[in-house]
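# Sequence and predicted structure are below.
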Amino acid sequence: MASDLPQELYARIYALLHPRPDLLSCGLVCRAWFLCTRQSPLFRDVTINNLNADGFADLVMNPYSSFPFCIKQLTLNVDAIWFRRLLPFLQPLNATSLRLCNLQWTALEAHTQSKFIATFSKTIQRLVLGPRMTFESFVEATNVISQFSDIVSLAMEDVQWKTPQSPTPSKILQGESDRRAFSMYSLPTSCHSVSFMRCELGEIVQWLYAHTSFPDIHKLSIGNIKFRDIIHLRGLCCAAGPTIQEIALSFDVGEEGLGELDSSSILVYEGKVKKEIPGLNDIRHQAFRFGGIDCTIRSMCVMKQEGKNGLLLSLTTLYYDNFIYFTDRGRSCGPFFGVKSLAFLAARGADTLLQKITFVIMLQKVGDLDYHTIDWIGLDAILVYLAKAARQSSSFPSDGSLDNDKPVGGYPIRIIFELGGSADLEAMAALIQQKLPQCHQIKALIFREKQR
């Protein structure tokens, strides 16, 4: 059956949905094929920018085009001028995921903001702000977030506000006036997954603390963690502890890395470094400082028995991105902060249900692994403690080979190293096994290639 749709319409559709030239040569031979194709992923994820905005508007206006109703993931990467022009053509969409990029929210008139939010607030389940999105103030950002009442996932990436009021580490909502300033707008109760990448973490934590009851967060992702963020990260993990199931951390690899540290750093490993490998009992007595507090695994075990709040008793997955990155070792925070944060999380009860720990290592040469400042002895001891203390099977997978992460019976804890970069992966895996002898002995290490 021949199609009544003009070939020009096909070309516009393909050009908008997928820029690959080979798609432009495709032709639809019948209407039934077209209706079937509309449901494919080709039509579900659409990015609109300044270059294709006109074409998108033409397609929406065409009476033969019904593909806008199949769009589920929408990315708007347009400036304020195109944003206003596109708004009438966005109303027919039924997207459930929305990303706003390169947008200065304050450049939009109040009625444009209200109309846009009214268009999507009842259908969007996943809201992504950024990268490079700007608000006049953080309160304005929380106002926008609170109006998407049905979202289950919130992500903020490189979001900035012009009037930051970041608190000092020692001041977190000390007075009632502080609480009122950050409690005007709340995170929707349906939102259980939050991600904050390259944002001012201090004000975000203040906002979450200002809620009548702390949000029920199941999945937490924090990116590009800097030295000044440590105290806020600690407070956030403690507050979200009872319900949090997954934590993903990535550390700064830029100019504000270890250059911010000095001899009086609040992140100090106070356990005595021994030549021999510390055993399971040794790690219980070693003290760590993370975010200005002392914690020992033994003292936190006592806290668990006493029923203290803030323990990570539901945590199952821990992910360290950029744990070791092929950059100047003086600017890479992951090796330094990673071990300390892992000790802190273990002390907060992460050993109860933890099933998987993943470290991402990206190196250009295998030998570069020795150039990064990392306490391999402490890391080995902590991982062994978590492996033995977890309420799981003592049978571990992996013989050290790549791409082998299938558990062998029970619920074994999986310590995974995702390896990438130009370095030889097999050689890198062998070197890590040498640096973590206790983990290697109990066959707790799993190595696989980092997916691009």
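Arrived safely, thanks for sending.
# ok so Glu418 is a helix residue?
No - assigned with DSSP: H, G, I helix; E, B strand; the rest coil, Glu418 falls outside any helix and is strand.
# Does it have any beta-bridge partners, and if so which?
Val360, Arg448 (DSSP bridges).
# Could you check how many residues crowd around it?
The tally of other residues near Glu418 (other Cβ atoms under 10 Å) stands at 21. All C-beta spots, glycine's among them, are computed from the backbone N, C-alpha and C.
# So it sits against Glu449, correct?
Yes - at 7.3 Å, Glu418 and Glu449 qualify as touching, with contact defined as Cβ atoms under 8 Å.
# Could you list the domains of this protein?
The chain breaks down into these domains under automatic domain parsing: 1-72, 253-277+292-452.
# hey, least reliable of these by pLDDT?
Among those, domain 1-72 has the lowest mean pLDDT, at a mean of 64.
# Give me the distance between the closest residue to Asp375 other than its chain neighbours and Leu220.
Nearest-residue entry for Asp375: Val339, 5.2 Å, with adjacent residues in sequence omitted and distances by Cβ to Cβ, 6 or more residues apart in numbering. For Val339, the distance to Leu220 equals 19 Å [Cβ to Cβ, to the nearest Å].
# cool, Thr373 as well?
For Thr373, the distance to Leu220 equals 26 Å [Cβ to Cβ].
# quick one: which of the two has more around it?
Leu220 (21 against 11).
# Can you name the residues bridging to that one?
Taking DSSP bridges, one finds Val194, Ile247 as the beta-bridge partners of Leu220.
# okay, now Leu379: neighbour count?
With other Cβ under 10 Å as criterion, Leu379 counts 19.
# For my notes, confirm it occurs in a helix.
Yes - read with three-state DSSP, Leu379 is one of the residues of a helix.
# didn't Gln355 look like it was pressed against Arg414?
Yes - counting by Cβ under 8 Å, Arg414 is a contact partner of Gln355 at 6.7 Å.
# the more surrounded of the two?
Under the criterion of other Cβ under 10 Å, the comparison of Gln355 against Arg414 puts Arg414 first, with 22 against 16.
# Give the bridge partners for that one, please.
Applying DSSP bridges, one finds that Arg414 bridges with Lys356.
# quick revisit: how near is the residue nearest to Asp375 to Tyr371?
Between Val339 and Tyr371 the distance is 16 Å, computed by Cβ to Cβ.
# Which one's more surrounded, these two?
Per other Cβ under 10 Å, whichever of Val339 and Tyr371 has more neighbours is Val339, with 26 against 15.
# which residues of the stretch 101-250 of the chain score low on pLDDT?
Across the stretch 101-250 of the chain, the ranges flagged by pLDDT under 70 are 163-183.
# Show me the strands in it, by range?
All strands of the stretch 101-250 of the chain, identified by DSSP state E, counting those that start in this stretch, fall at 103-104, 126-129, 133-135, 153-157, 159-161, 193-197, 219-225, 246-251.
# Just list what the first one packs against, helices and strands only.
Okay, so that is strand 103-104. Counting contacts by 3 or more Cβ pairs under 8 Å, 6 or more residues apart in numbering; DSSP states H and E, strand 103-104 is packed against helix 80-90, strand 133-135.
# Name the helix or strand for Leu76, please.
Assigned by DSSP states H and E, Leu76 belongs to strand 73-77.
# helices or strands next to that strand in the packing?
When contacts are defined as 3+ Cβ pairs under 8 Å, 6+ apart, strand 73-77 packs onto strand 45-49, helix 80-90, strand 97-100.
# Just say which of these is most tucked in.
Ranked by mean neighbour count, these are led by strand 97-100 with a mean of 21 (mean count of other Cβ atoms under 10 Å).
# The residue nearest to Asp375 touches Ile374, doesn't it?
Yes - judged on Cβ under 8 Å, Val339 makes contact with Ile374 at a distance of 6.5 Å.
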